[in-house]
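Q: take this sequence and fold it.
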Amino acid sequence: EQRDALRAKGTAPHVLVLTATPIPRTVAMTVFGDLDVSTIRTLPPGRAGIESFVAPLAEKPSWFGRVWDRAAEEVAAGRQVFVVCAAIDVDVDEPGDAPSATDAAASRPTWGVAQVATLLSQLPRFAQVRIEILHGRMPSDEKDAVMRRVAAGEVDLLIATTVIEVGVDVPNASTMIVLDADRFGVSQLHQLRGRVGRGSVPGLCLLVTEAAVGSPARERVEAVAATLDGFALAEVDLELRGEGDVLGAAQSGARSSLRLLRVVADADLIAEARDEASVLLADDPQLTAHPGLRDAIERRLDDDTRAALGKN
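A: The predicted structure follows:
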């Protein structure tokens with residue numbers, strides 16, 4: 001839609017599309033030849049990079065306590081920590097007095113911002129830590145005030161939902177902890193991870209999950225931890241979610257306009273077909289000499305598909 005709006009302003013301009021987290025359909029479009037790709041492989045000056053690790057609570061529940069130890073260590077070193085939850089609040093029993101972090105993990109399938117705030121307020125190692133929360137139900141002015149305090153270094157640990165996924169630049173923030181990481185998509189996790197490591201101190205991303213070894217959810221989390229390459233992650237996402245409708249507007253999901261091909265597995269075949277089509281159209285732009293092919297294309301492309309292709 002945005003590219004189409006630019007083209008509508010007059011003579012078709014050259015368009016540069018910039019993203020840190022390519023969606024599956026972006027990968028599909030590059031394979032089909034609708035986008036040429038330039039990749040920025042170096043960090044901006046002054047960035048120290050990010051390391052990512054999975055905290056696998058299904059087989060190592062004691063690591064939940066270690067996650068909070070690590071957060072406390074970062075705060076003690078003068079740095080700031082983000083904790084991201086998949087929900088604002090969860091209708092479950094509150095932890096007992098001074099709960100064990102490990103026991104809490106075992107009894108709670110999903111963490112909400114409110115529950116994490118309660119838990120950390122009861123852990124002695126966070127007694128002097130300045131903790132605040134941030135989520136989408138808060139008034140805009142209140143959210144803005146919280147983020148100003150975070151940026152000013154007046155908050156040590158921020159517990160939030162994905163409202164911090166984009167637009168947050170706090171160079172002193174060194175650690176991102178994502179609870180229930182298996183409940184987030186690949187691109188979301190990659191975006192959240194990018195909120196730390198934006199200064200001279202190396203970033204640390206801890207992806208906390210109770211997903212079982214070998215499950216699709218666990219494999220998704222481990223894939224994010226294994227690479228910082230956005231296109232590699234987009235290919236993982238593509239395999240998991242599908243490419244969407246490469247001839248339409250759906251960006252991902254089970255609905256695909258491809259019946260036999262798979263974008264990643266058949267990339268070479270698609271490239272060869274594209275080259276053959278280019279040669280054919282150069283000689284016969286209207287497919288006058290190929291009426292059967294022209295008729296097949298006419299049957300395949302309905303009005304919505306034509307409109308979507310025109311916007312690509």
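Q: please enumerate the strands of the protein.
A: According to DSSP state E, the chain carries its strands in the segments 50-56, 80-84, 131-134, 157-160, 173-178, 203-209.
Q: quick check: longest helix of the chain.
A: In the chain, ranked by residue count with DSSP state H as the criterion, the top helix is helix 267-283.
Q: tell me which other helices or strands that one touches.
A: helix 24-32 (3 or more Cβ pairs under 8 Å, 6 or more residues apart in numbering; DSSP states H and E). Where you see a C-beta, it was placed from the backbone N, CA and C, and this is true even at glycine.
Q: tell me where the model's unsure across the stretch 101-250 of the chain.
A: 101-109, 241-250 (pLDDT under 70).
Q: where do the helices sit along it?
A: If you assign secondary structure with DSSP state H, counting those that start in this stretch, the helices in the stretch 101-250 of the chain sit at 101-107, 113-121, 140-151, 186-193, 216-226, 230-241.
Q: which residues touch the fourth one?
A: For helix 186-193, the external contacting residues (Cβ atoms under 8 Å, 6 or more residues apart in numbering) are 20-23, 50, 52, 82, 84, 162, 164-166, 176, 178, 181, 184, 203, 205, 207, 220-221, 223-224, 228, 230, 233-234, 236-237, 240.
Q: could you pick out the buried ones from those?
A: With neighbours counted using 16 or more other Cβ atoms under 10 Å, the contacts of helix 186-193 contain these buried positions: 21-23, 50, 52, 82, 84, 162, 164-165, 176, 178, 181, 184, 203, 205, 207, 220-221, 223-224, 228, 230, 233-234, 236-237, 240.
Q: returning to what we had before: out of the helices of the stretch 101-250 of the chain, nearest to residue 277?
A: Among the helices of the stretch 101-250 of the chain, the nearest to residue 277 by Cβ to Cβ is helix 230-241 (22.4 Å).
Q: and the closest one, what does it pack onto?
A: With contacts defined as 3+ Cβ pairs under 8 Å, 6+ apart, helix 230-241 has these neighbours: helix 24-32, helix 186-193, helix 216-226.
Q: kindly calculate the angle that the shortest one makes with strand 80-84.
A: Between the direction of helix 186-193 and that of strand 80-84, the angle (axes from the mean of the first three to the mean of the last three Cα atoms, to 10 degrees) works out to 160 degrees.
Q: got the CA coordinates for helix 186-193 in CSV?
A: Included here for helix 186-193 are C-alpha records, laid out as CSV according to Å, rounded to 0.1, in the frame of the first residue of the first chain:
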residue,chain,number,x,y,z
VAL,A,186,10.1,-15.0,15.0
SER,A,187,10.1,-11.4,13.7
GLN,A,188,8.7,-10.2,17.1
LEU,A,189,11.5,-11.9,19.0
HIS,A,190,14.1,-10.4,16.6
GLN,A,191,12.6,-6.9,17.0
LEU,A,192,12.5,-7.2,20.8
ARG,A,193,16.1,-8.4,20.9
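Q: okay, angle between that helix and helix 230-241 too, please.
A: Using the same axes, to 10 degrees: helix 186-193 against helix 230-241 is 140 degrees.
Q: in helix 186-193, what counts as buried?
A: Counting neighbours by 16+ other Cβ under 10 Å, one finds that the buried residues in helix 186-193 are 186, 187, 188, 189, 190, 191, 192, 193.
Q: next, format the strands of the chain as TSV and append distance to residue 293.
A: Output for these, formatted as TSV (distance: least, Cβ to Cβ, whole Å):
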stretch	distance to residue 293
strand 50-56	48
strand 80-84	51
strand 131-134	56
strand 157-160	54
strand 173-178	49
strand 203-209	48
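Q: roughly how far apart are residue 296 and residue 290?
A: With the distance defined as Cβ to Cβ, to the nearest Å, residue 296 ends up 10 Å from residue 290.
Q: more crowded one of these two?
A: Taking other Cβ atoms under 10 Å, residue 296 and residue 290 do not tie; residue 290 has more neighbours (15 against 12).
Q: tally of neighbours for the closest residue to that one other than its chain neighbours?
A: Spatial nearest neighbour of residue 290, excluding adjacent residues (Cβ to Cβ, 6 or more residues apart in numbering): residue 284 at 6.3 Å. Applying other Cβ under 10 Å, we find 13 other residues in the vicinity of residue 284.
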